[in-house]
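Asks: Sharing a sequence plus its predicted fold:
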Amino acid sequence: MAKAPVLTPQAEDFPRWYQDVLAKAELADNGPVRGTMVIRPYGYSLWERMQAEMDARIKEAGAENAYFPLFIPESYLTREAEHVEGFSPELAVVTHAGGKELEEPVVVRPTSETVIGEFMAKWVNSHRDLPLLLNQWANVVRWELRTRIFLRTSEFLWQEGHTAHASEADASAYAHRILLDVYRDFMVNVLAMPVLVGRKTRQERFAGATNTLACEAMMGDGKALQMGTSHELGQNFAKVFDISFQDSAGAQQTAWTTSWGTSTRMMGGLIMCHGDDRGLRIPPRLASTQVVVLAIRDEGGVVDAVRRLGDELRSAGVRVKVDDRTDTSFGRRATDWELKGVPVRVEVGPRDLAAGEVTIVRRDTGEKRQSPIAEVAHRVEMLLQVIQDDLLAEATRRLEERTAEVATIDEAREAAATGFARIPWANLGEEGEAALAEHAVTVRCLQRADGTVPRSEDEDGVVAVVSRAY
RNA sequence: CGGGCUGUGGCGCAGUUUGGUUAGCGCGCUUGACUGGGGGUCAAGAGGUCGGAGGUUCGAAUCCUCUCAGCCCGACCA
């Protein structure tokens, strides 16, 4: 009776499971150029949902969308010393165009601090022009050697926010606000992923930043994934690009800038956080399809009934798909929707209809329940909420169970084999950090004991969260 | 940069050591019948410059030379 599993079981080979899910759930393919990816319609529909939810939060935080060019003069990159040092190994540079060698090569943007800095300088003249809060949705290119779809690709999609402020305090507050009110809020409440927030160590800091903040999540195999970062850039870019303004006293001042980003990497996080041996499990609030109404067989008015149910759910505000492809076997279709992680299936067959009922199935637990037809919309709406909460609770439980409180570097290394370790930063330090790196264990972030973001790494009681990472 | 491995229908592979007619298999795909409450069964089909170029030979997926691409290990870099 036991059929060959559709996916490689997670416990057998997690990376293989990940690849299987990408293919079977029709999320993405490898592109023809090494390290590139093709995002398929179902995968892209999930990304569009992420964009919509993120975009609303970004705008709520006051930033406006704009668009800057893909091509950046190479000379821009070289202006900020750390920035160019950090990015030059992975730049794609265009040296020829229009059949000729270019006088000045242009780089394909790996990130846009430099072009945006150039224009901020032009647009900012007075303290009344600040804060300047910009965001763009774009693709970027970083030539990566080891690539994995969604997690690390040479080209990926993201949003990058860039802001300029009149004071360091204002810039810092905004970078923190984005981290907490936009990124963490989205990840916890929409993706149902518990994330740790904290500061990056000097080692892990963004090239050109004075401080990098991050959201880190735990995947199903206990490894960490950085889900989003928010940087305080100090005056590094403002000085180099001359983003300056006259303050209310008439004095010329240099602005303070921030940048922050989240990318299609979150897709990888979503897959590896909630996925199980049967495929994806998409949290309802994110799902592009929250419910599929499935006709088991074309008999006894089943097809009409599923269409009516689909309309009813749609008008109740549920994102619903009707599957009446009765020329494909029920088992095949049920498995396909399960692989795609659609949170709820409403299965309707002749037996159900004869009883005036339908079968409601939860993807997360596999639990099936009969429901009177008249109650479907109500029950489905309740269930979507429950599933959302349960997925978050389950991921939170795993994070807690697989996080160890340790005191020594050896203990930290041992704990990182299966999950996260929290070790006092005073017990680790940059030397300990380097020692752990020898074992592919890195400091994901520095936190206060209560999980909040410290103002500096020198604060008393700062804890380092260490683990293996993607 | 050095070492190793692999290139054969969409995907995964066998065949290569020891050259020999129409290059196989699984999955997927097409068509039909029977089916139908968790990837159905059976039947009939479609689909191939064997990575590329050159060579040896009566004859090359198979042997030789060159070349391209990908993967793994090491080195380098962080």
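Replies: Ah, there it is.
Asks: ok, now how distant is the closest residue to RNA strand B within the stretch 101-250 of chain A from A:R152?
Replies: In the stretch 101-250 of chain A, the residue that lies nearest RNA strand B is A:R146 (6.7 Å; Cβ to the nearest atom of the strand). In this view, the C-beta of every residue, glycine as well, is placed from N, C-alpha and C. If you measure A:R146 against A:R152 using Cβ to Cβ, to the nearest Å, the figure is 7 Å.
Asks: what about these two, which has more around it?
Replies: Just comparing A:R146 and A:R152: by other Cβ atoms under 10 Å the higher neighbour count belongs to A:R152, 16 against 7.
Asks: show me the contacts for the residue nearest to that one when sequence neighbours are not counted.
Replies: Leaving aside its chain neighbours, A:R152 sits nearest to A:E144 (5.4 Å; criterion: Cβ to Cβ, 6 or more residues apart in numbering). By Cβ atoms under 8 Å, 6 or more residues apart in numbering, A:E144 lies in contact with A:G35, A:E90, A:R152, A:T153, A:S154.
Asks: Next, give phi and psi for A:E144.
Replies: phi -100, psi 150 (degrees, to the nearest 10).
Asks: so where is chain A shaky, pLDDT-wise?
Replies: Flagging of chain A using pLDDT under 70 yields the residue ranges A:1-4.
Asks: tell me the domain boundaries of it?
Replies: A:14-274, A:291-387, A:403-467 (automatic domain parsing).
Asks: now those domains in CSV, with distance to A:T8?
Replies: Converted to CSV, those look like this (distance: least, Cβ to Cβ, whole Å):
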stretch, distance to A:T8
domain A:14-274, 4
domain A:291-387, 13
domain A:403-467, 20
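Asks: Point out the one among these that comes closest to A:R285.
Replies: domain A:14-274 (4.9 Å; Cβ to Cβ).
Asks: from the middle of its chain, how far away would the closest one be?
Replies: 12 Å (Cα atoms, centre = their mean, to the nearest Å).
Asks: same check, this time on stretch A:409-423
Replies: For stretch A:409-423, the distance to the chain centre is 24 Å (Cα atoms, centre = their mean).
Asks: Pull out the buried positions in that stretch.
Replies: Judged by neighbour count using 16 or more other Cβ atoms under 10 Å, the buried positions of stretch A:409-423 are A:I409, A:A412, A:R413, A:A415, A:A416, A:G419, A:F420, A:A421, A:R422, A:I423.
Asks: thinking again about what came up before, which one of the contacts of A:E144 has the most neighbours?
Replies: In terms of neighbour count, A:T153 stands highest of these at 24 neighbours, by other Cβ under 10 Å.
Asks: mind listing what it touches?
Replies: A:T153 neighbours (Cβ under 8 Å, 6+ apart): A:G35, A:T36, A:M37, A:E144, A:T147, A:T264.
Asks: which phi and psi does the third one have?
Replies: Listed backbone geometry of A:M37 is phi -140, psi 150, with angles given as degrees, to the nearest 10.
Asks: and what of the last one?
Replies: Listed backbone geometry of A:T264 is phi -60, psi -10, with angles given as degrees, to the nearest 10.
Asks: In this structure it contacts A:F156, no?
Replies: Yes: taking contacts as Cβ atoms under 8 Å, A:T264 lies within contact range of A:F156: 4.9 Å.
Asks: In CSV: the contacts of A:T153, plus distance to A:N125.
Replies: As requested, the contacts of A:T153 are exported to CSV (distance: Cβ to Cβ, whole Å):
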residue, distance to A:N125
A:G35, 42
A:T36, 41
A:M37, 42
A:E144, 39
A:T147, 43
A:T264, 36
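Asks: A:D458: which of those residues is nearest?
Replies: Taking the contacts of A:T153 together and measuring to A:D458 by Cβ to Cβ, the closest member is A:E144, at 33.6 Å.
Asks: Give the burial count for the residue of the stretch 151-300 of chain A found nearest RNA strand B, as a bare number.
Replies: Of all residues in the stretch 151-300 of chain A, the one sitting closest to RNA strand B is A:R297 (4.3 Å; Cβ to the nearest atom of the strand). A:R297: 14 surrounding residues under other Cβ under 10 Å.
Asks: show me what contacts it?
Replies: A:T326, A:F330, A:G349, A:P350.
Asks: so A:L392 touches A:P194, yeah?
Replies: Yes: the pair A:L392 / A:P194 is scored as a contact, 6.7 Å apart, by Cβ under 8 Å.
Asks: What parts of the stretch 301-450 of chain A come near RNA strand B?
Replies: Residues of the stretch 301-450 of chain A lying close to RNA strand B (Cβ under 7 Å from any atom of the strand) are A:326-332, A:334-336, A:338-339, A:345, A:347-353, A:359, A:361, A:366, A:368.
Asks: Just the buried residues of those residues.
Replies: A:326, A:330, A:334-336, A:338-339, A:345, A:347-349, A:352-353, A:359, A:361.
Asks: which residues sit against stretch A:439-448?
Replies: Residues contacting stretch A:439-448 (Cβ under 8 Å, 6+ apart): A:196-201, A:203-204, A:214, A:216, A:224, A:226, A:412-413, A:416, A:420, A:422, A:425, A:428, A:433, A:436, A:453-454, A:457, A:459, A:461-469.
Asks: same thing but 7 Å
Replies: A:196, A:198-201, A:204, A:214, A:216, A:224, A:413, A:416, A:425, A:433, A:436, A:453-454, A:457, A:461-469 (Cβ atoms under 7 Å, 6 or more residues apart in numbering).
Asks: State which helix of chain A is the longest.
Replies: helix A:376-401 (DSSP state H).
Asks: how much distance is there from the helix or strand just after that one to the middle of the chain?
Replies: Once helix A:376-401 ends, the next helix or strand along the chain (criterion: DSSP states H and E) is strand A:403-405. Centroid displacement of strand A:403-405 relative to its chain, using Cα atoms, centre = their mean, is 24 Å.
Asks: May I see the buried residues of strand A:403-405?
Replies: For strand A:403-405, by 16+ other Cβ under 10 Å, it's A:T403, A:A404.
Asks: Mind giving me the packing neighbours of it?
Replies: strand A:420-424 (3 or more Cβ pairs under 7 Å, 6 or more residues apart in numbering; DSSP states H and E).
Asks: The strand it packs on: how far from the chain's middle?
Replies: Here strand A:420-424 is found 23 Å from its chain centre; the criterion is Cα atoms, centre = their mean.
Asks: can you list contacts of it?
Replies: By Cβ under 7 Å, 6+ apart, strand A:420-424 touches A:218, A:224, A:402-407, A:411-412, A:415, A:463-467.
Asks: re the thing from before, so, if you compare the buried ones among the residues of the stretch 301-450 of chain A next to RNA strand B, which one comes nearest to RNA strand B?
Replies: Closest to RNA strand B, out of all of these and judged by Cβ to the nearest atom of the strand, is A:G349, at 2.5 Å.
Asks: Need the residue closest to the centroid of chain A.
Replies: A:M266 (2.2 Å; Cα atoms, centre = their mean).
Asks: surely that one meets A:Q226?
Replies: No: contact criterion Cβ atoms under 7 Å: A:M266 and A:Q226 do not qualify, at 10.1 Å.
Asks: If anything else comes up later, I'll come back, but that's it for now.
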